[in-house]
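J.: Sequence and computational prediction follow.
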Amino acid sequence: MKPTERSFLPTSAAATATPVAAREIFSFLRTGRAPPNPNSPAQHDICVGPEASRVPWPTSFPAARQCRYWEAAQTACERLIHESRVLRSREGKLLPKGFLCADSNHDVLTRQERAIVDTAVSAAIYIVPNAPVERIKIIAQLFMLLWTHDEMLTAFPLFQGETVVDTITQYMYDLSKNDGSIPENTIVSSIELSPELLNEGHGLLRVVLGHFCSFVFFTREQQRTQFQDIRDFLNYRATDIAADFVSACIRFGNQLDLNAQELKGVQHLVDVASDHMTLINDLFSFNKEKKASIEEGALFLNTVHYIETVLEINSLLAKDVTLSLAQDYEAKIEAEIMRLRQGPPLGHQQWSYVYAMVEAASGNLLFSITSIRYGAKTT
């Protein structure tokens, strides 16, 4: 198990004074035996209970899951950091502050590099816990690239030149369109995008890469700052935090190659779970994003900030409201699962996707509570 050495809860003491009762429908998070496979023991993941991890747990999810292969994911991300240094040195591509060049004679990662590796690995193993080793390594590397890109956008809101992630994105865009093979002796070759995985089924990994590229391109566009209501805001915020990319990673990690019709049948559940993840992301990232907006002029799109502004309340109360909304969305997830159980029969992969999204929502909460990126302190 990856150690959980830090924890952080940004809400008021009153907001978490009363423990939240666990919902029975989420009990599979403890056992790893989701209803589609009730007799199948967990193969790639283990339970991380709030008692064992000693973290605050203001949720009706009884536990979260963690992928077993966190060390392999960490090694893959570290390798990509070193390859990024090479690209910076050879071609002058940009990296965030605190990243080194390849000629620095410094094999050990800097504090900033280590933080972004830890962030990516923790997010991947908690959000996609059931991924086999070859898939979790790719997911962790892609997560790390997006956070590297986010760090560049935060530090340099105006375009300063081509970044390492921009270069990788161009390669990935071609791969997502099935144009060309994996380029050898480039930084992309350090991301283990094997031909077997790229060509598997209906090309799910290419879908993942396509969403990755779409998100990077989206961040280069002029961003909205005005919204009709919170629903309009959450819809936009889902795009702003790469929700489509994350849900594609969840399918890829769980080997769920659903067609368009199958996806449509469970899309509302996916949307509700994604809203929960957005709310949790914004609750825990608020302080970091507010600081960046003040010190670096970064755009401040955050649900807590939106509620604070619209309701004209202080930020601590807005955080409490956001947590309450997230807990309400857990009830919505439960209600949607019950509706799906009573509706037309779903296929095995559809149900697996439903429960994988619940795993992702609970894992995203554990990641946020324990993330050094958002301010978690050593326990």
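T.: Good, I have the coordinates.

J.: Could you give the number of residues near residue 199?
T.: 12 (other CB atoms under 10 Å). Any C-beta I mention is one placed from the backbone N, CA and C, and that applies to glycine too.

J.: Distance of it relative to residue 182?
T.: Counting by CB to CB, to the nearest Å, the gap from residue 199 to residue 182 is 11 Å.

J.: which parts of stretch 69-85 are buried?
T.: Neighbour-count burial for stretch 69-85 flags 69-70, 72-74, 76-78, 80-81, 83-85 (criterion: 16 or more other CB atoms under 10 Å).

J.: Among those residues, which ones are in helices?
T.: The helices, defined by DSSP state H, take in 70, 72-74, 76-78, 80-81, 83-85 from the buried residues of stretch 69-85.

J.: Closest one of those to residue 217?
T.: residue 84 (20.0 Å; CB to CB).

J.: for that closest one, what are its contacts?
T.: By CB atoms under 8 Å, 6 or more residues apart in numbering, the residues touching residue 84 are 95, 99, 148, 164, 187.

J.: Isn't residue 140 up against residue 122?
T.: No. Applying CB atoms under 8 Å as the test, residue 140 and residue 122 come out as separate, 9.0 Å apart.

J.: Which of those two has more residues huddled nearby?
T.: For the pair residue 140 and residue 122, the greater number of neighbours falls to residue 140 (31 against 27), based on other CB under 10 Å.

J.: Which of the helices or strands spans the more buried one?
T.: For residue 140, the element it lies in under DSSP states H and E is helix 133-155.

J.: Please, where are all the helices along the stretch 51-200 of the chain?
T.: Under the criterion DSSP state H, counting those that start in this stretch, the stretch 51-200 of the chain contains helices at 70-91, 111-127, 133-155, 164-176, 195-198.

J.: pLDDT score assigned to the closest residue to residue 101 other than its chain neighbours?
T.: Leaving aside its sequence neighbours, residue 101 sits nearest to residue 89 (CB to CB, 6 or more residues apart in numbering; 4.5 Å). With respect to pLDDT, residue 89 has a value of 80.

J.: Quickly note the distance from residue 89 to residue 219.
T.: 25 Å.

J.: give me every residue that touches residue 273.
T.: 329, 333, 357-358, 360-361.

J.: Tell me the one among those nearest to residue 263.
T.: The closest of the contacts of residue 273, once distances to residue 263 are taken by CB to CB, is residue 357, at 11.8 Å.

J.: what kind of secondary structure is the closest one in?
T.: Going by DSSP: H, G, I helix; E, B strand; the rest coil, the secondary structure assigned to residue 357 is helix.

J.: Surely it touches residue 270?
T.: Yes. If you go by CB under 8 Å, residue 357 and residue 270 touch, sitting 5.6 Å apart.

J.: Mutual contacts of those two, please.
T.: With CB under 8 Å, 6+ apart as the test, residue 357 and residue 270 both reach residue 247.

J.: Who has more neighbours out of those two?
T.: residue 357 (28 against 21).

J.: how about the nearest residue to that one, chain neighbours excluded?
T.: The spatially closest residue to residue 357, leaving aside those adjacent along the chain, is residue 273, at 4.0 Å (CB to CB, 6+ apart).

J.: how close does the one you found get to residue 127?
T.: In terms of CB to CB, residue 273 sits 11 Å off from residue 127.

J.: Are there residues contacting both of those two? Which ones?
T.: Contacts common to residue 273 and residue 127, judged by CB under 8 Å, 6+ apart, are residue 360.

J.: rewinding a little: ok, so of the contacts of residue 84, who is nearest residue 343?
T.: Closest to residue 343, out of all of these and judged by CB to CB, is residue 148, at 41.7 Å.

J.: State the pLDDT value of the closest one.
T.: For residue 148, the model assigns a pLDDT of 94.

J.: do residue 17 as well
T.: 75.

J.: phi, psi of it?
T.: phi -70, psi -30 (degrees, to the nearest 10).

J.: and what of residue 131?
T.: The phi/psi pair for residue 131 (degrees, to the nearest 10) is phi -80, psi 140.

J.: neighbours around it, how many?
T.: Count around residue 131 with other CB under 10 Å applied: 28.

J.: Tell me if I'm right that it and residue 254 touch.
T.: Yes. The criterion here is CB under 8 Å, and residue 131 meets it with residue 254 at 6.9 Å.

J.: Show the contacting residues for residue 152.
T.: 94-96, 163, 165.

J.: go with 6 Å
T.: 96, 163 (CB atoms under 6 Å, 6 or more residues apart in numbering).
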